[in-house]
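>>> Build me a structure from this.
(4 chains)
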There are 2 protein chains.
Amino acid sequence: MNKKQAQSEQTRKKISDAARSLFVQKGYKATSIEDIVAATGSSKGNIYYHFKSKEGLFSYLLHEWDRDWLEKWQARLPSYATATAKMYGLAEQIVREDLNHPLTRAADEFFSNDEQKSEIEEKMNTMMQEHLLFNRQLIQEGVDGGEFSGEQIEQKALVLEGIIVGMSRVCRNQPLEQVLKHYQFAIDTFLHGIAAGPQQS
Amino acid sequence: MNKKQAQSEQTRKKISDAARSLFVQKGYKATSIEDIVAATGSSKGNIYYHFKSKEGLFSYLLHEWDRDWLEKWQARLPSYATATAKMYGLAEQIVREDLNHPLTRAADEFFSNDEQKSEIEEKMNTMMQEHLLFNRQLIQEGVDGGEFSGEQIEQKALVLEGIIVGMSRVCRNQPLEQVLKHYQFAIDTFLHGIAAGPQQS
DNA sequence: CTCGATACTGAACGTTTGTTCAGTATTGTA
DNA sequence: TACAATACTGAACAAACGTTCAGTATCGAG
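Residues are numbered from 1 along each chain as shown, chains lettered A, B, ... in the order given. Predicted coordinates:
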């Protein structure tokens, strides 16, 4: 409401927008505070006035993204009739929203540094657990609806997560339309497999 | 044959062994030359006498690993009768040999730095292409043997690669036996899918 | 207008890191 | 033994980076 508060909020947004765009382009480590300074016109000190640290800034972006993603998903949810349709819808949203997201690029970096028990690593473990829960519920829904077979839901949720994560890396640097097709095919495979005959153990 | 040459080779091995172990533990960036110095007892200069740079050292390890992997695979190959069996065998070897390997950890780091067109990034793109070729041949074999259905082999190879890559990240920090089960289940799913009814498009 | 709080500046700091190089030790050869 | 090639040392260098802080500008309340 204050002119001062408005300015402050605007600056905060300017910094986070620029930072997000840079993290997306270059990854976490490769993006320096100096880069953000150059992109915003703000000073180094000002960034540290608004955010606790580089990690804090990144963490803020992750949290923001987390919220937005769920919002979008819940907005689309009513348009899917079956769990199968939801699964294809899930793949599409992931490709469209997450494939070029800070997390997707920077997650790799943090996963490989086991020395630092940073808050970001913890955040990502939490998100992974949430993903598994999400997948489990989705699969359970399909089971209840008679679409999927009902054993070993836990394991299936894990494999689905693996597919989603793995495809994002395999598809890197490919055009969006192609990636969409690949993900769709991956879900196809997840649902029906590649074996020739009828289902067998 | 010379005492000098033998010493040199031994030193080279001592450095690369220590470096591999450190890269495995800490990842590429988190492992400093200083760490390797501390682990070997050699001097900094000596490391640079034997290896062109840190990247050169890592690249050497990658190459070495590449060779060993193929050797082991080809040694096991005769014991698999069908393409299906090979696929489960592939999953097992990957879990046992690669899951804690420098590449698996450090690949993540290099994939997220798009600024540097390092020789390592190129090497990894090459390896990815080789993997796809490998997968394609494996699937083709199964198709020829009547085990798998024969369409869209290219796409299936990509999904298989995605599953393998993705599962490695999803399974991180889990005990080996569990990881083996997860991979096995992933291959199960890849082959048969989770859908309830018979195959449908 | 005044004073305190808030917003912002940018030079300086400390640390880390990969790399170099002048110099020393060791070994093979003539 | 003498000399050159090879193997090795470690102090020094330079660049990059995140972070701090003393100081300045701007704004709102009293």
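
>>> low-scoring pLDDT stretches of chain A, where are they?
Within chain A, the stretches with pLDDT under 70 are A:1, A:100, A:102-119, A:196-201.

>>> domains of it?
Structural domains assigned to chain A are A:1-51, A:62-192, following automatic domain parsing.

>>> Pick the most buried one from those.
Compared across the domains of chain A, domain A:62-192 shows the largest average neighbour count, a mean of 17 (mean count of other C-beta atoms under 10 Å in any protein chain shown). Glycine gets a C-beta too; all of them are placed from N, C-alpha and C.

>>> Which one of the domains of chain A lies nearest to chain B?
Chain B lies closest, by C-beta to the nearest C-beta, to one member of the domains of chain A: domain A:62-192, at 2.3 Å.

>>> for that closest one, the distance to its chain's centre please.
What separates the centre of domain A:62-192 from the centre of its chain is 7 Å, taken as C-alpha atoms, centre = their mean, to the nearest Å.

>>> Next one: residue A:148 relative to DNA strand D, how far apart?
45 Å (C-beta to the nearest atom of the strand, to the nearest Å).

>>> Do I have it right that that residue meets residue B:194?
Yes - Residue A:148 lies in contact with residue B:194 (C-beta atoms under 8 Å); the separation is 5.0 Å.

>>> State the phi and psi torsions of residue A:28.
phi -70, psi -60 (degrees, to the nearest 10).

>>> That one against residue A:58, yeah?
Yes - in terms of C-beta under 8 Å, residue A:28 counts as a neighbour of residue A:58; the distance is 6.1 Å.

>>> Could I have the CA atoms of stretch A:77-84 written out in PDB?
Output of stretch A:77-84 as PDB, limited to C-alpha atoms (Å, rounded to 0.1, in the frame of the first residue of the first chain):
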ATOM      1  CA  LEU A  77      -8.000 -31.900 -13.500                       C
ATOM      2  CA  PRO A  78     -11.800 -31.600 -14.200                       C
ATOM      3  CA  SER A  79     -11.200 -32.100 -17.900                       C
ATOM      4  CA  TYR A  80      -9.800 -35.600 -17.500                       C
ATOM      5  CA  ALA A  81     -12.300 -38.400 -17.200                       C
ATOM      6  CA  THR A  82     -10.200 -41.500 -16.500                       C
ATOM      7  CA  ALA A  83      -6.900 -42.100 -14.700                       C
ATOM      8  CA  THR A  84      -5.400 -43.100 -18.000                       C
END
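
>>> what sits up against that stretch?
A:86, A:89, A:138, A:139, A:141, A:142, A:145, A:147, A:148, A:191, B:195 (C-beta atoms under 8 Å, 6 or more residues apart in numbering or on different chains).

>>> list the contacts for the fourth one?
Contact analysis of residue A:139 by C-beta under 8 Å, 6+ apart lists A:83, A:148, A:153, A:156, A:157, A:160, B:194.

>>> Now the common contact residues for residue A:148 and residue B:194.
Counting by C-beta under 8 Å, 6+ apart, the residues touching both residue A:148 and residue B:194 are A:139, A:156, A:191.

>>> Give me the subset of those residues that lies in strands.
Using DSSP state E, no member of the shared contacts of residue A:148 and residue B:194 falls in strands.

>>> quick one: which of the residues you listed sit in helices?
A:139, A:156, A:191 (DSSP state H).

>>> Adding distance to DNA strand D as columns, could you present the residues you listed in JSON lines?
JSON lines is the format used below for these (distance: C-beta to the nearest atom of the strand, whole Å):
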{"residue": "A:139", "distance to DNA strand D": "40"}
{"residue": "A:156", "distance to DNA strand D": "39"}
{"residue": "A:191", "distance to DNA strand D": "43"}
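
>>> And the next helix or strand past whichever strand or helix holds residue A:49?
Using DSSP states H and E, the element containing residue A:49 is helix A:44-50. Counting by DSSP H and E, the element after helix A:44-50 in chain order, helix or strand, is helix A:54-76.

>>> chain center to that following helix, what's the gap?
The answer for helix A:54-76 is 9 Å, by C-alpha atoms, centre = their mean.

>>> So what angle separates the directions of the helix or strand following that helix and helix A:54-76?
Per DSSP H and E, the first helix or strand lying C-terminal to helix A:54-76 is helix A:83-93. Angle between the axes of helix A:83-93 and helix A:54-76 is 140 degrees (criterion: axes from the mean of the first three to the mean of the last three C-alpha atoms, to 10 degrees).

>>> Residue A:120 is in contact with residue A:58, correct?
Yes - here residue A:58 reaches residue A:120: they are 6.3 Å apart, a contact under C-beta under 8 Å.

>>> Overlap in contacts, the two.
Counting by C-beta under 8 Å, 6+ apart, nothing touches both residue A:58 and residue A:120.

>>> show me what contacts residue A:143?
A:149, A:150, A:153.

>>> Mind doing that once more with 7 Å?
Residues in contact with residue A:143 (C-beta atoms under 7 Å, 6 or more residues apart in numbering or on different chains) are A:150, A:153.

>>> gap between it and residue A:30?
Per C-beta to C-beta, to the nearest Å, residue A:143 is found 43 Å from residue A:30.

>>> Point me to the residue sitting closest to the centre of chain A.
residue A:98 (4.6 Å; C-alpha atoms, centre = their mean).

>>> picking that back up, and which of the shared contacts of residue A:148 and residue B:194 is nearest to residue B:41?
Lowest distance from residue B:41 to the shared contacts of residue A:148 and residue B:194 (C-beta to C-beta) belongs to residue A:156, with 49.9 Å.

>>> list the contacts for the closest one?
A:139, B:189, B:194.

>>> how close does the last one sit to residue A:77?
It refers to residue B:194. 21 Å.

>>> Need the phi and psi values for residue A:52.
Torsion angles, degrees, to the nearest 10, at residue A:52: phi -60, psi -40.

>>> Pull the contacting residues for it.
Counting by C-beta under 7 Å, 6+ apart, residue A:52 has no contacts.

>>> Residue A:17: which element?
helix A:3-26.
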